[in-house]
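Novice: Sequence and predicted structure, then a few things I'm wondering about:
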Amino acid sequence: MNCGTSHSKYFLSLAALIAAVFFVDSYLGAACVRVNKHPSAHSFSYGNSTVSVDGRFQAGASLSSPDCPGTPSAVVEASGSANLRVFGRRYTFLDSQAEVSNTSRGSNVILHVEMGPRTLIDIDNPHHRSWSRSSTITLLRASRTVYVAGVPIQLSVSVGVGIRGNLQLQPAYPVQLSGGLSAWATGTAGAYLNASILRVGVRSTLNLLNTSLNSNMALALNRASGGVSLNVRAVRILVRLVVDRRTCRRRGWRLRCSWRELGGVTVVDYSRGNFTRTLLSN
């Protein structure tokens, strides 16, 4: 009798344990998961009144699992812009937006990338999208008259911009926005004077900006992982003009000429270091 009672208690305990495991498992599976990362932004500005760069980048994410009240949804977005100012004139050389969503309205992908006046891609549809591109253009040519040792000199600046992107956008679960988008601006400076007795030498470095936005964000049905980061590399803006005067001497039947520095001026001398910002993490 005691043996039967012991077996009965054993089977009852085992059944209770199995039931508890199933109960806990179903309870955990039914847990509501919410992620609401409001758009986090970072702005920057470097340079001076002659040449400067500025920009703003941001990223955000939201997730509501199927076990939460209402309808499930997942949205990941990242965007950014960068601008260049030369001699008081402002140019936008990067404007980008990427968004991947899966909501009650359906799944969708938005990807818009502009480089200067050129639109590289502009899509808005519900399908998976893989985008890879590398492109460069001359954004601007600007000039300004400066005075060196009382001599008027026409300073000309030419700036080219480039972009490189490799993005994967997936609106089906797990909703993903991964890859990177990089943009940069570099330039040259030159000065010209229509006089045979003077020449202008220019030493210039215009590494105006090299920035990249990187994402590995993924939203599953009940969890979020990854993040979005911004990397900006050193900015160096240096333009120096040197004016030389030509002097000639006759030696016998030959005329020998040489250049002697008359004066010089540093038009722009500015530099900043590197930084990295985490716009979104989970």
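Specialist: Okay, I see it.

Novice: Check the gap between the residue nearest to T103 when sequence neighbours are not counted and S79 for me.
Specialist: Distance criterion CB to CB, 6 or more residues apart in numbering; nearest residue to T103, sequence neighbours excluded, is S73 at 4.2 Å. C-beta: built from backbone N, CA, C; applies to glycine. S73 sits 19 Å away from S79 when distances are taken as CB to CB, to the nearest Å.

Novice: number of nearby residues for the closest residue in space to A41 that isn't next to it in sequence?
Specialist: Computed as CB to CB, 6+ apart, the closest residue to A41 that is not its neighbour in sequence is Q58, at 3.7 Å. Close neighbours of Q58, defined as other CB atoms under 10 Å, add up to 21.

Novice: need the next SSE after the helix or strand Q58 falls within, C-terminal direction.
Specialist: The secondary structure element spanning Q58 is strand 51-64 (assigned by DSSP states H and E). Taking DSSP H and E as the definition, the helix or strand that follows strand 51-64 towards the C-terminus is strand 73-86.

Novice: starting at the chain centroid, how far to the following helix or strand past that following strand?
Specialist: Per DSSP H and E, the first helix or strand lying C-terminal to strand 73-86 is strand 89-103. For strand 89-103, the separation from the chain centroid amounts to 10 Å (computed by CA atoms, centre = their mean, to the nearest Å).

Novice: and the angle for strand 89-103 with strand 73-86?
Specialist: Strand 89-103 runs at 170 degrees relative to strand 73-86, counting by axes from the mean of the first three to the mean of the last three CA atoms, to 10 degrees.

Novice: What are the buried residues along strand 89-103?
Specialist: Taking 16 or more other CB atoms under 10 Å as the neighbour-count basis, strand 89-103 is seen to contain the buried residues Y91, F93, L94, D95, S96, Q97, A98, E99, V100, S101, N102, T103.

Novice: how close does the second one sit to R105?
Specialist: Distance from F93 to R105, counting by CB to CB: 34 Å.

Novice: Show me the beta-bridge partners of the nearest residue to V35 once chain neighbours are set aside.
Specialist: In space, and not counting its chain neighbours, V35 is closest to L63: 3.9 Å by CB to CB, 6+ apart. In this structure, L63 has beta-bridge partners V35, A74, where bridges are defined by DSSP bridges.

Novice: L63 reaches S225, doesn't it?
Specialist: No. Applying CB atoms under 8 Å as the test, L63 and S225 come out as separate, 10.5 Å apart.

Novice: who's more crowded, the two?
Specialist: When L63 and S225 are compared for neighbours, L63 comes out ahead with 24 against 13, by other CB under 10 Å.

Novice: burial count for T276?
Specialist: By the other CB under 10 Å criterion, the neighbourhood of T276 contains 11 residues.

Novice: and what of the one 4 residues further on?
Specialist: Close neighbours of L280, defined as other CB under 10 Å, add up to 23.

Novice: sec struct for it, please.
Specialist: strand (DSSP: H, G, I helix; E, B strand; the rest coil).

Novice: now stretch 129-138: mean pLDDT?
Specialist: Here the mean pLDDT over stretch 129-138 is 94, rounded to a whole number.

Novice: Name the residues of it that are buried.
Specialist: Applying 16+ other CB under 10 Å to stretch 129-138 flags R129, W131 as buried.

Novice: what's next to that stretch, contact-wise?
Specialist: 109, 111, 113, 115-116, 118, 120-121, 123, 158-169 (CB atoms under 8 Å, 6 or more residues apart in numbering).

Novice: starting at the chain centroid, how far to that stretch?
Specialist: The mean C-alpha position of stretch 129-138 is separated from the chain mean by 13 Å, CA atoms, centre = their mean.

Novice: C-alpha coordinates for it, CSV please?
Specialist: Once side chains and other backbone atoms are set aside, the C-alpha atoms of stretch 129-138 remain, and they are given as CSV (Å, rounded to 0.1, in the frame of the first residue of the first chain):
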residue,chain,number,x,y,z
ARG,A,129,16.3,46.1,-51.2
SER,A,130,20.1,45.7,-51.5
TRP,A,131,21.9,48.9,-52.6
SER,A,132,25.5,49.3,-53.4
ARG,A,133,27.0,52.4,-55.1
SER,A,134,30.2,54.4,-55.4
SER,A,135,30.2,57.8,-57.0
THR,A,136,32.1,61.1,-57.2
ILE,A,137,31.2,64.6,-58.6
THR,A,138,32.6,68.1,-58.6
